[in-house]
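Asks: Can you look at this prediction? I've put the sequence above it.
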Amino acid sequence: MKRAFLIFSLFLFVSNLQSQDTSKNNPPTSREVDFITYPVLWHQTSAEYRALCYQAFNVARTYLETIIPARLSNEQYAIITDLDETIIDNSFLEAKNIKEGKVYDAEGWKKWVNSATATGIPGAVDFLRWAAVQNITIFYISNRTVSDVNATIENLKKLQLPYADREHMLFLADGATKEPRRKKVAENHKIVMLLGDNLNDFSNVFERRSIQDRKAETDKLHDEWGKRFIVLPNAIYGEWESAIYDYNRKLTPQQKEEKRKENLTGY
């Protein structure tokens with residue numbers, strides 16, 4: 001009996017080590033790396049991606065040109081924009097990880113942010129500089145952490161983006177939701193436009209919702225898209241992917257693959 005107990009205890013110990021190794025120490029599988037390769041290639045090589053970005057900012061400018069003439073003399077207009085994959089391009093980090101057989105990690109992300117070398121999304125810099133000339137204040141609401149502010153300002157200044165200062169950077173501090181930060185801007189400004197690559201950049205009604213709920217909320221707001229809400233394409237990552245996995249960060253690569261297949265609709 002004692003021997004059986006020792007064997008069982010050893011089994012549990014080894015199983016626990018294997019579990020820890022799988023979740024923390026094992027390098028990503030080739031299938032994991034391959035999974036992200038095509039979205040990054042599309043982002044970096046397709047002219048279609050660039051066209052969609054230019055289209056988004058052209059539509060944004062056209063909409064603002066229709067409302068600016070009706071602006072009251074005492075109204076302070078503001079644009080709220082996300083940063084990553086909306087205004088600045090981080091795909092170079094993803095590409096580096098793919099070539100090195102790695103996936104995203106916090107240390108690599110921090111090193112990338114501190115390099116302050118992200119480039120502008122096609123059309124973004126020209127659009128925001130034009131908006132600033134129209135006396136529209138730009139606020140950058142990002143879920144980068146407050147420790148990233150200085151490096152981000154440096155990056156935005158290199159790109160000659162307007163309002164690249166601490167006052168206009170509202171970064172992650174007390175929670176991932178951006179709603180309190182949007183409300184803070186609304187205290188003294190009329191928010192005439194929001195830009196993002198993630199539906200959470202526009203409203204908290206999308207946060208941690210199922211795939212079907214996100215679609216339903218999108219349909220309810222159908223009159224806003226291409227007007228007050230401007231969406232940039234991002235097939236690399238986002239809340240859309242989290243919804244596929246039911247917001248469960250502990251799934252194994254195999255479980256994630258199963259979830260992806262489950263959510264495919266064939267005929």
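Replies: Perfect, I can see it now.
Asks: C-alpha only now, for contacts and for neighbours.
Replies: Noted.
Asks: List the beta-bridge partners for Met193.
Replies: Beta-bridge partners recorded for Met193 (DSSP bridges): Ile79.
Asks: what residues are up against it?
Replies: By CA atoms under 8 Å, 6 or more residues apart in numbering, the contact list for Met193 reads Ala78, Ile79, Ile80, Lys227, Arg228, Phe229, Ile230.
Asks: a markdown table please, covering those residues and showing neighbour count, pLDDT and distance to Pro180.
Replies: Formatted as a markdown table, the contacts of Met193 follow (neighbours: other CA atoms under 10 Å; pLDDT from 0 to 100; distance: CA to CA, whole Å):
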| residue | neighbour count | pLDDT | distance to Pro180 |
| --- | --- | --- | --- |
| Ala78 | 22 | 98 | 16 |
| Ile79 | 21 | 99 | 16 |
| Ile80 | 26 | 99 | 13 |
| Lys227 | 18 | 98 | 22 |
| Arg228 | 18 | 98 | 19 |
| Phe229 | 22 | 98 | 18 |
| Ile230 | 22 | 98 | 20 |
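Asks: With respect to Pro162, which of these is nearest?
Replies: When those are ranked by distance to Pro162 (CA to CA), Ile79 comes first, at 11.6 Å.
Asks: quick one: Ala56 and Ile230 touch, right?
Replies: Yes - contact criterion CA atoms under 8 Å: Ala56 and Ile230 qualify, at 6.4 Å.
Asks: Count the neighbours of Leu199 for me.
Replies: Residues within reach of Leu199, counting by other CA atoms under 10 Å, total 21.
Asks: Now do the contacts for the nearest residue to it once chain neighbours are set aside.
Replies: Nearest residue to Leu199, sequence neighbours excluded (CA to CA, 6 or more residues apart in numbering): Phe206, at 6.3 Å. Contacts for Phe206 (CA under 8 Å, 6+ apart) come out as Leu199, Asn200, Asp213, Arg214, Glu217.
Asks: now swap in Tyr54 and tell me
Replies: Pro122, Gly123.
Asks: May I ask which helix or strand encompasses it?
Replies: Remark: Tyr54 resides in helix 47-67, with elements defined by DSSP states H and E.
Asks: how distant is that helix from the center of its chain?
Replies: Taking the mean of its C-alpha atoms, helix 47-67 sits 19 Å from the chain's own mean (CA atoms, centre = their mean, to the nearest Å).
Asks: can you give me the helices for the stretch 1-150 of the chain?
Replies: 2-20, 30-45, 47-67, 91-99, 106-115, 124-133, 149-158 (DSSP state H, counting those that start in this stretch).
Asks: deepest of the ones you listed, which one?
Replies: helix 149-158 (a mean of 19; mean count of other CA atoms under 10 Å).
Asks: right, and the helix or strand after that helix?
Replies: Past helix 149-158, the next helix or strand by DSSP H and E is strand 169-172.
Asks: neighbours of Ser142, just the number please.
Replies: 23.
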